[in-house]
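Chemist: predicted model follows, preceded by the sequence.
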Amino acid sequence: MNVKAWVEATRLRTLPVSMAGIVLVSGYNIIYHNINVLPLVICGIFALLCQIASNYANEYFDYKAGRDKQGREGPRRGVTEGDITPVAMKRAIYTTLFLAAVSGLSLVYWGGWWLVAVGLAIGIGALAYSTGPYPLSTHGWGEVAVVLFFGLIPVNFTYYVETLQWQTDVFMGGLSIGLLGANVIIVNNYRDVDDDRAVGKLTLAVRFGRQFMVALYIANAVVAMALMAPTWLGLGIAWMSVPVLILIAEVFTGLTMARKDGRALTPLLALTSILMFLYSVLFVVAASIMA
């Protein structure tokens, strides 16, 4: 087995995206004194497995549809390059989804059987990003899908499973972290715009161009910080330095993106993912100190 190829297919640089929302929920748990560790951990495992399955599916279905080519600008695609067989990747997709389903079903104990429908929707979304009659990633809906499946859904439903409650500020936090997650896809699509255009993949970058994507990246960061500003202020005026510094870093990254091309953008993708995760971690730190 080609371990390096499987590591590439898992896309380790992007995995903090699925964890950021779960970590953010921990901050709200601390603020409202209602943390429930076991379902929180299970939600984290479920989110991580779903992201890995989605990454595998993206590689497999892009290969099947001819949307990948050898020597592309982005990270090496194992199936396209012949490092991983299509059969092996297909098995990996459904094995990972099965493990996600097993972990997700255990959440019924806390949240009720209706969560099965939510889990099914998430599983379908993991595949619909890359395949089906209307693949989201090829029609300019990739960023929206990330806001929904890596922001609003994991944050709000994880909080609900733990507390059986909905909170307006938690909703705002989910939207905020989702917008930061969308910036990861923006860097990815900005980098791959020429490859995607050549195979007819109509991402937002292909539709509207690179300048639009830079502006969208920065706008997402501004809105994300604004959405959670009341919560940060509630923790103390000094903690407003966190969203301000994260915003500065995001703006700097967006402006740097505008000056780079091709493989030189891959480190910025990792940086955007790390900034998203760091934002969540610092929120937990602030909540822990001020609670």
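Modeler: Looks like it arrived, so ask away. Numbering: from 1, shown residues only.
Chemist: now for the protein, the helix or strand with the poorest mean pLDDT.
Modeler: Ranked by mean pLDDT, DSSP states H and E, the weakest helix or strand in the chain is helix 78-81, scoring a mean of 75.
Chemist: what residues sit buried inside the helix or strand that contains Pro230?
Modeler: Using DSSP states H and E, Pro230 sits in helix 210-235. Of the residues in helix 210-235, those buried by neighbour count under the rule 16 or more other CB atoms under 10 Å are 213-214, 216-218, 220-221, 224-225, 227-228, 231-232, 235. C-betas here are computed from N, CA, C, even on glycine.
Chemist: ok, Gly44 touching Gly21?
Modeler: No - counting by CB atoms under 8 Å, Gly44 does not reach Gly21; the two are 9.2 Å apart.
Chemist: so which of those two has more stuff around it?
Modeler: Gly21 (32 against 20; other CB atoms under 10 Å).
Chemist: ok, the more buried one to Pro154 distance?
Modeler: When distance is defined by CB to CB, to the nearest Å, Gly21 is 4 Å away from Pro154.
Chemist: identify the contacts common to these two.
Modeler: Ala47, Gly174 (CB atoms under 8 Å, 6 or more residues apart in numbering).
Chemist: now do the strands in this structure.
Modeler: For the chain, no strands turn up when DSSP state E is the criterion.
Chemist: any low-confidence regions in it?
Modeler: 1, 68-76, 78 (pLDDT under 70).
Chemist: mind naming the longest helix for it?
Modeler: Taking DSSP state H as the assignment, the helix of the chain that covers the most residues is helix 37-64.
Chemist: looking at it, Ser176 is touching Phe150, isn't it?
Modeler: No - Ser176 lies out of contact with Phe150 (CB under 8 Å); the separation is 11.7 Å.
Chemist: list residues touching both of those two?
Modeler: With CB under 8 Å, 6+ apart as the test, Ser176 and Phe150 reach no residue in common.
Chemist: before we move on, the earlier item: can you pull the residues that touch both of Gly44 and Gly21?
Modeler: With CB under 8 Å, 6+ apart, Gly44 and Gly21 have no common neighbours.
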